[in-house]
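Trainee: Okay, structure incoming, though there's no sequence with it:
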């Protein structure tokens with residue numbers, strides 16, 4: 001499918017922001033430290049930037065609020081509602097850290113849970129689509145949540161090393177969740193590449209009982225919305241190279257840096273903070289590529305009617 005830049009930015013930044021806010025909600029860093037105060041502001045900024053980017057994909061962004069009314073049946077609507085509600089405990093936690101220098105356990109835990117529910121809703125927008133076989137699996141929401149938490153701990157490690165405290169724990173947890181996230185993603189990708197297609201020209205037309213169905217002529221002589229948005233293709237060799245790039249930049253390099261930081265994370269350190277900042281840059285780059293592939297490699301069942 002066509003990988004819209006706005007959706008890539010939305011899922012990457014909002015996932016990173018919610019994961020970071022969820023980690024801060026656990027109270028593992030010093031709430032009175034300047035680094036932690038800045039961290040709360042950054043988490044809210046990442047979430048806001050991601051949600052703002054999502055509206056750019058809409059034909060009429062000014063009507064985006066109407067999507068909130070279908071929360072009973074639409075995961076997109078549920079995500080919108082949860083995104084708004086989640087801001088309440090996150091803002092309260094940020095206020096307590098910024099102006100009072102303290103951590104509110106109840107509010108923090110509620111915010112953490114709501115962050116993960118919001119990320120789950122985002123993932124289910126795609127996982128609920130039976131027409132896209134690669135997405136329609138329980139591994140999709142698992143990967144989204146693990147990547148969100150892993151990114152959150154990578155960011156938390158940086159701010160812990162800048163003075164927030166508990167640097168060793170942040171680096172260790174970042175390492176563990178990076179490994180877990182990419183292991184889950186490897187299984188997701190293997191499932192996408194090896195699973196036999198559930199939809200075929202035979203099943204799409206209902207003529208499978210007659211024999212093999214082949215396309216005589218496309219339904220449209222010219223390109224249309226479906227062929228542009230649903231028929232996007234990326235060469236397998238390019239996809240393989242991009243996957244290696246995403247895996248190395250988003251997983252291997254940050255994990256190695258987190259491992260290298262463990263003996264240096266006993267207290268604030270400029271060198272250690274620089275390494276953690278480098279890990280953030282690589283992880284963000286890898287996640288952007290991973291999200292691009294998530295959309296670019298997905299095959300929509302409607303392309304059975306176009307010879308796809």
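Mentor: Received it, and whenever you're ready, just let me know what you need. What you see is a predicted model; the values in this text were computed from it and never measured.

Trainee: Where in the protein is the helix or strand with the lowest mean pLDDT?
Mentor: helix 225-229 (a mean of 57; mean pLDDT, DSSP states H and E).

Trainee: helix or strand right after that helix?
Mentor: helix 236-247 (DSSP states H and E).

Trainee: quick check, distance from that following helix to the centre of its chain.
Mentor: 18 Å (CA atoms, centre = their mean, to the nearest Å).

Trainee: Same check on stretch 11-25?
Mentor: With CA atoms, centre = their mean, you get 9 Å for stretch 11-25.

Trainee: Contacts only, for the nearest residue to residue 278 once chain neighbours are set aside.
Mentor: The shortest distance from residue 278 to any non-neighbouring residue, by CB to CB, 6 or more residues apart in numbering, is to residue 257 (6.3 Å). Backbone N, C-alpha and C define where each C-beta goes, glycine included. By CB atoms under 8 Å, 6 or more residues apart in numbering, the contact set of residue 257 is 275, 276, 278, 279, 282.

Trainee: repeat that for 10 Å
Mentor: For residue 257, the contacting residues are 154, 157, 171, 174-175, 178, 272, 275-280, 282-283, by CB atoms under 10 Å, 6 or more residues apart in numbering.

Trainee: What of residue 120?
Mentor: Contacts of residue 120 by CB under 10 Å, 6+ apart are 75, 78, 79, 82, 127, 141, 142, 144, 145, 148.

Trainee: What pLDDT does the model give it?
Mentor: Residue 120 is assigned 97 on the pLDDT scale.

Trainee: Tell me who's in contact with residue 78.
Mentor: Contacts of residue 78 by CB under 10 Å, 6+ apart are 67, 68, 70, 71, 72, 117, 118, 120, 121, 122, 124, 125.

Trainee: The fourth one - how many residues pack around it?
Mentor: Other residues within reach of residue 71, judged by other CB atoms under 10 Å, total 16.

Trainee: Quick check: chain neighbours aside, which residue is closest to it?
Mentor: residue 77 (4.4 Å).

Trainee: And the one you found, how close does it get to residue 149?
Mentor: 25 Å (CB to CB, to the nearest Å).

Trainee: Also residue 76?
Mentor: For residue 76, the distance to residue 149 - CB to CB - is 23 Å.

Trainee: Neighbour count for those two, which is higher?
Mentor: residue 149 (27 against 17).

Trainee: quick one, phi psi at that one?
Mentor: phi -70, psi -40 (degrees, to the nearest 10).

Trainee: pretty sure it contacts residue 179?
Mentor: No. Taking contacts as CB atoms under 10 Å, residue 149 lies outside contact range of residue 179: 11.9 Å.

Trainee: Going by neighbour count, list what's buried in the helix or strand where residue 172 lies.
Mentor: Assigned by DSSP H and E, residue 172 belongs to helix 167-194. Under the neighbour-count criterion of 16 or more other CB atoms under 10 Å, helix 167-194 has 167-175, 177-178, 180-182, 184-185, 188-189, 192 buried.

Trainee: same deal with stretch 102-113?
Mentor: 103, 104, 107, 108, 109, 110, 111, 112.

Trainee: any idea how far the residue nearest to residue 278 lies from residue 248?
Mentor: Residue 257 sits 12 Å away from residue 248, taking CB to CB as the criterion.

Trainee: Mutual contacts of those two, please.
Mentor: residue 282.

Trainee: Distance from the helix or strand containing residue 288 to the middle of the chain?
Mentor: Per DSSP H and E: residue 288 is located in helix 270-296. In terms of CA atoms, centre = their mean, the centre of helix 270-296 is found 12 Å from the chain centre.

Trainee: Could you point out which residue ranges in the stretch 101-250 of the chain have low pLDDT?
Mentor: 200-205, 207-208, 215-222, 224-232, 235-236 (pLDDT under 70).
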